[in-house]
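S.K.: Pasting the sequence and the predicted model now:
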Amino acid sequence: MKFYELSPEKRRDQLVQEGWLTTQDAALLAGTHSLPEVTGARLIENAIGEFPLPLGVARNLLVNGQLHQVPIADEEPSVIAAASNGARLATANGGVRTHVAAHRVVAEVVLTNLTDLVQARQTILAHQTDIQKVIAVAHPSMIQRGGGLDQLTVESLGAQFLKIRLTLDPQQAMGANYANTVAEAVAAAVTSWVDGDVLVSILTNAPTELVTAEVSLESASLATKAVSGDVIAKKIVQLSDLAFVDAERAVTHNKGILNGIIGAVLATGNDTRAVAASIGAFACASGRYQPLSRWYMDQGHLVGHLQLPLPMGAVGGAIGALPMAQVVRRLGGYQNLAIMQQVIAALGLVQNLAAMRALAGPGIQAGHMKLQANALAIAAGATETELPMLVNALRQGSMDLKHAQQYLTTIRLNKKVGQSKDENRD
Ligand code: MEV
C-alpha cells in the first residue's frame, strides 16, 4: 500500500520503521491531548482550549542531497497532496538546491522632538562602544553564544525623525524578543546623550536574510495522463511570465507557494504572522507586487528559482514549550535554523511546481474536489462507516453541503430499509 493509503497509525509505524520518528514521537503524535492545559494557559492569554489541525507530512523532499520528511499543519485538503507530488518530481530530478544568508534581526529606535538631527546623529555615532556595552548588559547570554550587534546605522527620516537601526545576530532564535529587549535598552541609554524623545523601539518585520531554492526538471518528467511534459513545461513558463505582468495572478501564484510554507512554519511553533508580513513586503520590494518564483527553460530543462525571507527561529518563543514542535523538528530533520529555513523554502518551490503543473494540465478542481469531498462529508455529520459512501455520492453528484446532507439522509434511510428487510428474513 502507498503511504497515503495507510491509516495514520500505520503511517506513524512506517516512519518509525524508516527511522524518521522515534517510538516516543509516534506515541505523542497518536495522543489526543498533545498540549497540557497548563502549558496552553501559560503560553497565551485567555486560553480556553486547543484548536487542533491535522499534521501531515510531505514525503521525501531531497534538499542539498539530504532527504527530508516535511511536517505541515494544515486544513486545506489538497496542500499536502500537492506538496508530496511536487517533492516526488523534484527528488526524481536530483532534488532542490538551496542557500540562506546569515541569520539577522533588525531593531529600530526612532527619536523625535530633537533640536538638531545632524548633531544628534553624530553624538549617537560617537557612542557606538557604549551602545555595544548596553547591548551586552541587556542580554549577556546572547553575547556568550556568539551573537550581538552586527551593524549600527543612524539616519534621519525627513525633518522629524532620527532612526537608529541595529542589525543583530540572534544565533538560532528568531530574535524578536532579543531585538525588542535590545531596542528598549538602547533607547533608554540614548536619551541621556541627546535631547528629544523616543517614539518607538521595536524590531522590524521587514525582510532580512533571504533564502533561495532552485530546481531543474527534465521536461518529460512533468507529463500528466493527458498532456506531454514539453507542453506542461512550456505552459509553466508562460504562467510564470504571466505572474510578472499580472499582479492579480502574482498574488495567487504566491499563495500557492505559501500553501506549503505557512503550514510548515506553523508546525515548527514559529510565528506565521511574522513570516507572512515579511514575505508580503518582499513581494512588493521593487515597488510592484511580484511573484516570488520564476520558471524558465534551460537546455530542455524546466528551471524554477524561488527567493524569499523566512524570519524563523529553531529555539526560543513558544518552540521549546510545544512538545509537537520538538517532534516536528526531529521529523523534518531540522538540525539547525539554516536547514529549517532551506527545507521550508524548497517546500514552497515544489508546492508552486505542483500547483502550476495542475493548472497547466488537468486544472486544479479535479484533484481538489476529490479531496474536498472528505471535508464536506465530515461537515455533514457522516460517521466513519458512512464516510466512504457519502464521499462516493458527492463525487458522482453535487459537491456542496446541502447535497451532502441530502445524500447522507438517503444513505441512512437505505440502511434502515436494508436492516428491516434482514430482520423480516430472520
Ligand atoms: C490553491 O490553494 C493554490 C493555487 O491557486 C495556486 C496557483 O494558482 O498557482 C492552485
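M.R.: The structure has been received and is ready for your questions.
S.K.: Mind listing residues that contact stretch 205-214?
M.R.: 96-106, 167, 274, 277-279, 281-282, 285, 303-311, 341-342, 344-346, 348-349 (CB atoms under 8 Å, 6 or more residues apart in numbering). Yep, even glycine has a C-beta here, placed from its N, CA and C like the rest.
S.K.: and it, what's its mean pLDDT?
M.R.: Taken as a whole, stretch 205-214 has a mean pLDDT of 98.
S.K.: Just the contacts of stretch 205-214: which are in helices?
M.R.: Secondary structure assignment by DSSP state H places 274, 277-279, 281-282, 341-342, 344-346, 348-349 of those in helices.
S.K.: So which of those residues is the closest to the ligand?
M.R.: residue 348 (11.6 Å; CB to the nearest ligand atom).
S.K.: Find the nearest non-adjacent residue to the closest residue to the ligand within the stretch 201-350 of the chain, please.
M.R.: Nearest to the ligand, among the residues of the stretch 201-350 of the chain, is residue 256, at 2.8 Å (CB to the nearest ligand atom). With CB to CB, 6 or more residues apart in numbering as the criterion, residue 256 has its nearest non-adjacent residue at 3.8 Å, and that residue is residue 355.
S.K.: hang on, isn't residue 152 packed against residue 182?
M.R.: No. With contact defined as CB atoms under 8 Å, residue 152 does not reach residue 182; the gap is 11.0 Å.
S.K.: Tell me the residues that contact both of the two, please.
M.R.: Residues touching both residue 152 and residue 182 (CB under 8 Å, 6+ apart): residue 166.
S.K.: which of the two has more neighbours?
M.R.: The residue with more neighbours, out of residue 152 and residue 182, is residue 182; 28 against 18, by other CB atoms under 10 Å.
S.K.: secondary structure class for the more buried one?
M.R.: The assignment at residue 182 comes out as helix when based on DSSP: H, G, I helix; E, B strand; the rest coil.
S.K.: For residue 375, give me the pLDDT.
M.R.: On pLDDT, residue 375 comes in at 86.
S.K.: That one: how many residues sit nearby?
M.R.: Close neighbours of residue 375, defined as other CB under 10 Å, add up to 15.
S.K.: so what's it up against?
M.R.: By CB under 8 Å, 6+ apart, the contact list for residue 375 reads residue 77.
S.K.: Check which residues of the helix or strand of the chain with the lowest mean pLDDT are buried.
M.R.: Every helix and strand in the chain was compared by mean pLDDT, DSSP states H and E; the lowest is helix 365-379, with a mean of 82. Buried residues in helix 365-379, counted by 16 or more other CB atoms under 10 Å: 367, 370, 371, 372, 373, 374, 376, 377.
S.K.: Touching, the last one and residue 391? I think so.
M.R.: Yes. Under the criterion of CB under 8 Å, residue 377 is in contact with residue 391, at a separation of 5.2 Å.
S.K.: between the buried residues of helix 365-379, which is nearest residue 72?
M.R.: Nearest to residue 72 among the buried residues of helix 365-379, counting by CB to CB, is residue 371 at 14.3 Å.
S.K.: Show the model's pLDDT score for the closest residue to that closest one other than its chain neighbours.
M.R.: Spatial nearest neighbour of residue 371, excluding adjacent residues (CB to CB, 6+ apart): residue 77 at 3.5 Å. Residue 77 carries a pLDDT score of 81 in this model.
S.K.: What distance do you get for residue 77 to residue 133?
M.R.: 55 Å (CB to CB, to the nearest Å).
S.K.: what's the answer for residue 80, then?
M.R.: 49 Å.
S.K.: More neighbours: these two, which one.
M.R.: Set side by side, residue 80 and residue 133 show more neighbours around residue 80, with 27 against 12, by other CB under 10 Å.
S.K.: Please give me every residue in contact with the more buried one.
M.R.: Residue 80 sits next to 56, 57, 58, 72, 74, 263 when contact means CB under 8 Å, 6+ apart.
S.K.: nearest residue to it other than its sequence neighbours?
M.R.: Using CB to CB, 6+ apart and skipping residues adjacent in sequence, the residue nearest residue 80 is residue 56, 4.1 Å away.
S.K.: after the host helix or strand of the one you found comes which helix or strand?
M.R.: Assessed by DSSP states H and E, residue 56 sits inside strand 55-63. Counting by DSSP H and E, the next helix or strand C-terminal to strand 55-63 is strand 66-73.
S.K.: For the next helix or strand after that next one, buried residues please.
M.R.: Next along the chain after strand 66-73, taking DSSP H and E as the criterion, comes helix 77-92. By neighbour count on 16+ other CB under 10 Å, the buried set for helix 77-92 is 77-91.
S.K.: any bit of helix 77-92 sitting next to the ligand?
M.R.: No. Helix 77-92 stays clear of the ligand (CB under 6 Å from any ligand atom), getting no nearer than 6.8 Å.
S.K.: In the stretch 151-300 of the chain, where is pLDDT below threshold?
M.R.: By pLDDT under 70, the stretch 151-300 of the chain contains no weakly predicted segment.
S.K.: can you list the residues of it near the ligand?
M.R.: 252, 253, 255, 256, 259.
S.K.: which ones are touching residue 263?
M.R.: Residue 263 is in contact with 72, 73, 74, 79, 80, counting by CB under 8 Å, 6+ apart.
S.K.: what about residue 45, neighbour count?
M.R.: 5.
S.K.: Could you check the pLDDT of it?
M.R.: The score at residue 45 is 85. That number is its pLDDT.
S.K.: Confirm that it sits in a strand.
M.R.: No. Counting by three-state DSSP, residue 45 is located in no strand; its state is coil.
S.K.: got the phi/psi numbers for it?
M.R.: phi -70, psi 150 (degrees, to the nearest 10).
S.K.: rewinding a little: could you double-check that the residue nearest to residue 371 lies in contact with residue 368?
M.R.: Yes. Applying CB under 8 Å, one finds residue 77 in contact with residue 368, separated by 7.1 Å.
S.K.: Sounds good, over and out.
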